[in-house]
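A.B. asks: Have a look at this fold, sequence not included:
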């Protein structure tokens, strides 16, 4: 084979690989639905290949979007767990704690959206959130028995007036995963406090990466692997 022919073959293989990666990266699809508050919730859904399958709602940090979760969502889908990443109601800073108090309604709407789908296995829905998203996840899961697994990345005992100790006690005997960087003092302390004397199983996972929330997950592949494996065990 001539040098030119080999060059054509190599370029053809590279183009095929690039196209394959692009198709794979685009497996999520945009969706929207209504919360009880009347707000429209925008999300991106990554479906598991074998269905019905477990499913997880993913909540971003304040001021960030659902796109932060796309890499994790794809890994969950690869592990045969459907993943629905949603936007928070607003990207700007909320006016007060009263406004924030209504935001878990959007999380419960996302759980309802998944629970109504035939492609989602009954009794196998989880929620994961990062930073403020972690606090909102805890508040939503506390009063919603449909949530069977809860993962909190860089949680805070209190975030702009939103406290979660009571919510985590109400969450009860259901399992929870608490993840934080050891170089993020408040998140690490919050995770330890939430794991103390918990009424149900609480698993702690630490990272040496200096980052917070979804930024931490983007920089620590091992933490993402642990998150996916934990949901596989928890949701079956």
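C.D. replies: Noted; the coordinates are in hand. The model shown is predicted, which means the values in this text are computed figures rather than measured ones.
A.B. asks: Give the buried residues for the host helix or strand of residue 114.
C.D. replies: Assigned by DSSP states H and E, residue 114 belongs to helix 104-115. The neighbour-count check on helix 104-115 (16 or more other Cβ atoms under 10 Å) flags 104, 105, 106, 107, 108, 109, 110, 111, 112, 113, 114, 115 as buried. C-beta: built from backbone N, CA, C; applies to glycine.
A.B. asks: contacting residues around residue 123?
C.D. replies: Going by Cβ atoms under 8 Å, 6 or more residues apart in numbering, residue 123 touches 146, 148.
A.B. asks: can I assume it sits in a strand?
C.D. replies: Yes - assessed by DSSP: H, G, I helix; E, B strand; the rest coil, residue 123 belongs to a strand.
A.B. asks: oh, and call the first residue 619 from now on, that's how I've got it
C.D. replies: Let's use 619 as the start, then, which means that last one is residue 741.
A.B. asks: Quick one: the buried residues of helix 722-733 as TSV, columns for distance to residue 831 and pLDDT too.
C.D. replies: As requested, the buried residues of helix 722-733 are arranged in TSV below (distance: Cβ to Cβ, whole Å; pLDDT from 0 to 100):
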residue	distance to residue 831	pLDDT
722	18	94
723	22	94
724	18	96
725	16	97
726	21	96
727	22	97
728	18	98
729	21	98
730	25	97
731	23	97
732	22	98
733	26	97
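A.B. asks: just to confirm, which helix or strand has the residue nearest to residue 821 when sequence neighbours are not counted in it?
C.D. replies: The shortest distance from residue 821 to any residue other than its chain neighbours is 5.0 Å, reached at residue 795 (Cβ to Cβ, 6 or more residues apart in numbering). Element membership for residue 795, per DSSP H and E: strand 794-799.
A.B. asks: which helices and strands sit right next to the helix or strand just after that strand?
C.D. replies: Using DSSP H and E, the helix or strand that follows strand 794-799 in sequence is helix 803-813. Packed against helix 803-813, as judged by 3 or more Cβ pairs under 8 Å, 6 or more residues apart in numbering; DSSP states H and E, are the following elements: helix 783-789, strand 794-799, strand 820-825.
A.B. asks: Quick check: which of those is buried the most?
C.D. replies: Highest mean neighbour count among these (mean count of other Cβ atoms under 10 Å): strand 794-799, with a mean of 26.
A.B. asks: Output the contacting helices and strands for that one.
C.D. replies: Strand 794-799 sits against strand 765-771, helix 803-813, strand 820-825, helix 831-837, helix 839-853, with contacts defined as 3+ Cβ pairs under 8 Å, 6+ apart.
A.B. asks: Of those, flag the one that's most buried.
C.D. replies: Counting by mean count of other Cβ under 10 Å, strand 765-771 has the highest mean neighbour count of the helices and strands packed on strand 794-799, with a mean of 26.
A.B. asks: Could you look up the next helix or strand downstream of it?
C.D. replies: Next helix or strand after strand 765-771 toward the C-terminus (DSSP H and E): strand 776-777.
A.B. asks: Can you tell me the strand partners of that next one and which way each runs?
C.D. replies: Sheet pairing for strand 776-777, assigned by DSSP bridges, gives strand 780-781 (antiparallel).
A.B. asks: and residue 716, how many residues sit next to it?
C.D. replies: By other Cβ atoms under 10 Å, 9 other residues sit near residue 716.
A.B. asks: For the host helix or strand of it, which helices and strands make contact with it?
C.D. replies: With secondary structure defined by DSSP H and E, residue 716 is part of helix 715-719. If you count contacts as 3+ Cβ pairs under 8 Å, 6+ apart, helix 715-719 packs onto strand 780-781.
A.B. asks: quick one: contacts of the strand it packs on?
C.D. replies: By Cβ under 8 Å, 6+ apart, strand 780-781 touches 715, 718, 719, 750, 753, 754, 757, 775.
A.B. asks: Good, wrapping up.
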